[in-house]
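Peer 1: one predicted model, sequence on top.
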Amino acid sequence: MLVTLMVTIKEIKHVKLASFVLMTASINVILAFIAAIVLLIIFGLVSAFAPQNLVIGRYIVSLGVGLIFILPISAFFITIAGNFFYVLLYNSLVPRLGGIKLGLEGDEVTEIPVISFALILSSIGAIMALIIGIFIAALILPLLSILSGSIPALSQAFANATNATLPTGAALGVAGVIIAILLIIGLPIIVFIGGFINNALTAIFYNFIAIRVSKIRLEFLTVSGSSNELKYIPVIPTALSVAVVFFVFGFLNGLYSLITNSVHGMVAAGVGEFIGNILFYFIGYFIFVALTAIFYNFLAPKIGGIKLELK
């Protein structure tokens with residue numbers, strides 16, 4: 001007897017902060033450790049093929065050994081800080097903008113509604129860009145203020161040496177204000193628009209292309225009411241689905257490189273970049289998502305999966 005499942009649209013209303021941060025930080029520690037091992041092997045090979053300079057070779061190997069400790073520790077704390085703030089913003093914005101919606105048929109994600117997906121993610125990106133812009137502006141403006149106070153003496157000394165003049169203190173102050181405006185207002189707008197387009201395309205490529213090859217699969221366990229825990233991520237279908245989405249991005253980027261290089265008479269280089277982009281995006285994202293799913297499935301029974309509220 002054939003059972004047909006109905007597609008149900010579920011909205012991620014709330015993400016439990018501790019579960020998300022702990023899981024993502026743990027996964028990134030493992031990924032960073034693997035990256036450090038790969039770098040150590042590469043550094044070892046470089047050192048082995050450059051025996052004529054033993055000092056440099058030993059330094060390179062020592063650097064590789066140091067990265068085994070530095071990369072995982074850095075990844076852990078950076079992930080905790082970044083994802084803590086990211087989830088905090090997500091949970092705060094959901095009541096105002098709506099959360100990410102998923103079309104679920106059993107454990108398969110058959111649809112990602114475009115607007116809700118793009119709006120919440122691009123809004124988070126814009127807020128983070130605003131904070132970064134304020135931080136950078138707060139660093140630049142005092143520096144420019146100090147320089148503007150020293151400009152008269154610097155300008156006179158420069159003029160005496162070169163018969164030219166530096167910008168006046170007033171001009172430097174105006175430049176500082178313009179830079180601050182661009183950082184605090186322009187940067188968030190650019191990040192929002194770019195993020196919205198990129199996230200919307202991601203959802204569109206998934207809905208119309210990726211699901212014809214493979215679908216993301218997420219196995220949830222209902223804890224109570226609308227509270228759910230992501231218990232397991234089937235590795236191959238999920239990795240293949242995401243890889244197909246970014247295959248399309250790689251194809252478009254590669255096509256742009258091919259056209260640009262061909263216009264300048266470098267057809268061979270364009271073809272190389274075209275093929276390289278496609279392979280890099282597809283293989284790179286397949287490996288990354290597959291490893292992430294494998295480590296998630298390994299860690300979930302030990303530290304608990306990501307808990308979220310689905311309605």
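Peer 2: Cool, got the structure.
Peer 1: show me where the protein has helices.
Peer 2: All helices of the chain, identified by DSSP state H, fall at 17-48, 54-97, 114-162, 169-181, 187-208, 235-263, 267-303.
Peer 1: so can I have TSV of the ones you listed showing mean pLDDT and distance to residue 310?
Peer 2: For glycine as for every other residue, the C-beta is placed from the backbone atoms N, C-alpha and C. Formatted as TSV, the helices of the chain follow (pLDDT from 0 to 100; distance: least, C-beta to C-beta, whole Å):
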stretch	mean pLDDT	distance to residue 310
helix 17-48	90	14
helix 54-97	87	12
helix 114-162	77	14
helix 169-181	70	41
helix 187-208	97	18
helix 235-263	95	18
helix 267-303	95	17
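Peer 1: got JSON lines for these, with distance to residue 6 and mean neighbour count too?
Peer 2: Shown next, in JSON lines, are the helices of the chain (distance: least, C-beta to C-beta, whole Å; neighbours: other C-beta atoms under 10 Å):
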{"stretch": "helix 17-48", "distance to residue 6": "29", "mean neighbour count": "17"}
{"stretch": "helix 54-97", "distance to residue 6": "25", "mean neighbour count": "15"}
{"stretch": "helix 114-162", "distance to residue 6": "20", "mean neighbour count": "16"}
{"stretch": "helix 169-181", "distance to residue 6": "51", "mean neighbour count": "15"}
{"stretch": "helix 187-208", "distance to residue 6": "17", "mean neighbour count": "17"}
{"stretch": "helix 235-263", "distance to residue 6": "20", "mean neighbour count": "19"}
{"stretch": "helix 267-303", "distance to residue 6": "26", "mean neighbour count": "16"}
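Peer 1: which of the ones you listed sits closest to residue 227?
Peer 2: Closest approach to residue 227 among the helices of the chain (C-beta to C-beta): helix 17-48, 11.0 Å.
Peer 1: and the closest one, what does it pack against?
Peer 2: Applying 3 or more C-beta pairs under 8 Å, 6 or more residues apart in numbering; DSSP states H and E, we find helix 17-48 packed against helix 54-97, helix 267-303.
Peer 1: so which of the ones you listed is nearest residue 117?
Peer 2: Residue 117 sits nearest to helix 54-97 of all the helices and strands packed on helix 17-48, at 11.2 Å, using C-beta to C-beta.
Peer 1: mind giving me the packing neighbours of the closest one?
Peer 2: Helix 54-97 is packed against strand 8-15, helix 17-48, helix 114-162, with contacts defined by 3+ C-beta pairs under 8 Å, 6+ apart.
Peer 1: got the angle between it and helix 17-48?
Peer 2: Taking axes from the mean of the first three to the mean of the last three C-alpha atoms, to 10 degrees, one finds helix 54-97 and helix 17-48 inclined to each other by 160 degrees.
Peer 1: tilt between helix 54-97 and strand 8-15?
Peer 2: Angle, helix 54-97 to strand 8-15, by the same axes, to 10 degrees: 110 degrees.
Peer 1: ok, now which ones touch the closest residue to residue 277 other than its chain neighbours?
Peer 2: Among residues not flanking residue 277 along the chain, residue 254 sits closest, at 3.4 Å (C-beta to C-beta, 6 or more residues apart in numbering). Counting by C-beta atoms under 8 Å, 6 or more residues apart in numbering, residue 254 makes contact with 273, 274, 275, 276, 277, 278.
Peer 1: and those, which is closest to residue 212?
Peer 2: Lowest distance from residue 212 to the contacts of residue 254 (C-beta to C-beta) belongs to residue 278, with 17.8 Å.
Peer 1: you'd agree that closest one is up against residue 249?
Peer 2: No. Using C-beta atoms under 8 Å, residue 278 is not in contact with residue 249, being 9.6 Å away.
Peer 1: count the neighbours of residue 108 for me.
Peer 2: Counted with other C-beta atoms under 10 Å, residues neighbouring residue 108 total 21.
Peer 1: tell me the spacing between it and residue 234.
Peer 2: From residue 108 across to residue 234, the span is 9 Å (C-beta to C-beta, to the nearest Å).
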